[in-house]
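Enquirer: Next come a sequence and a model predicted from it.
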Amino acid sequence: MKKKLVLSLVALLAVGGLTACSSKTDDTSASSSSTVKETTTEASSSSSSSSSAAESTVTYLTDEEIDKVQTFGDFKEAFKSLIDSYVADFDALIADAPDAAKTTLQPFRDKVVQTMDEQQQILASQFAALGDDNTVIPDSARDTVITSLKTARDQLKSAMETARQQMESAE
C-alpha cells in the first residue's frame, strides 16, 4: 500500500516537472516573442529556411506507445522520449528562425534542456529507491502514470505549436 502511494506521488512529480518545463517554455516563448518579432523584422530577408515554421516534422509518442508503459524502465524511456522529441522540435524551430532570432532563442533552449535533464535525473533517483527498471507499475498507479505522460506530451506539443505560430507571425 505504501509503495503504491509513493509510486503515485513519483508519477505526479514527474508530470509536474514536465508541466513546469512546458509552462516555462510557454512563458519563454511569450517573453521572447517580442524579441523574435523585432529580430525577424530586421532579418526577414535573410531567413535561411524556406520551410514553414508552423509545421513540425518531429514525432512525439502516440497514445498507443504510452499505453504500453508497464514498468519503471518503460516509464523512464517514455519520459526520455518526450524530452528528446521536445528538444528536437525546439532545435528545428531554431534552425528555421532567422539568424538574429536564433541568438535570442538558443539561451532559452539551453535552459529548457538543462531543466529537463535535471528532472530526468531526479526521476531516476526516485525510481531507484522504489525498485529497478523491471519493477512493474502497480495497476492502481498505472492509469495515473499513463494519463500524466499523455498530458505532458500534449502540453509539450502545444508549447511548440504556439512557439512556431509566434515565429511565423513574426516573419
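Expert: Done, it's in.
Enquirer: Would you mind listing where the protein has pLDDT under the threshold?
Expert: Filtered on pLDDT under 70, the chain yields the residue ranges 1-54, 170-171.
Enquirer: try it again with 80
Expert: The chain contains residues with pLDDT under 80 at 1-56, 100, 167-171.
Enquirer: which stretches of it form strands?
Expert: With strands called from DSSP state E, the chain shows none.
Enquirer: could you show me where the helices are in it, in order?
Expert: Per DSSP state H, the chain carries helices over the ranges 2-43, 63-67, 72-96, 99-130, 139-170.
Enquirer: Give the other helices and strands that the last one contacts.
Expert: Using 3 or more CB pairs under 8 Å, 6 or more residues apart in numbering; DSSP states H and E as the contact criterion, the neighbours of helix 139-170 among helices and strands are helix 2-43, helix 63-67, helix 72-96. C-beta here means a position set from N, CA and C on the backbone, and glycine is covered the same way.
Enquirer: Swap in 10 Å and give it another go.
Expert: Counting contacts by 3 or more CB pairs under 10 Å, 6 or more residues apart in numbering; DSSP states H and E, helix 139-170 is packed against helix 2-43, helix 63-67, helix 72-96, helix 99-130.
Enquirer: Ok, the fourth one next?
Expert: For helix 99-130, the packing partners by 3+ CB pairs under 10 Å, 6+ apart come out as helix 2-43, helix 72-96, helix 139-170.
Enquirer: please redo it, this time with the cut-off set to 7 Å
Expert: Packing partners of helix 99-130 (3 or more CB pairs under 7 Å, 6 or more residues apart in numbering; DSSP states H and E): helix 2-43, helix 72-96.
Enquirer: ditto for the shortest one
Expert: Of the remaining helices and strands, those touching helix 63-67 by 3+ CB pairs under 7 Å, 6+ apart are helix 139-170.
Enquirer: Let me know the angle separating the helix it packs on from helix 99-130.
Expert: Interaxial angle, helix 139-170 versus helix 99-130 (axes from the mean of the first three to the mean of the last three CA atoms, to 10 degrees): 170 degrees.
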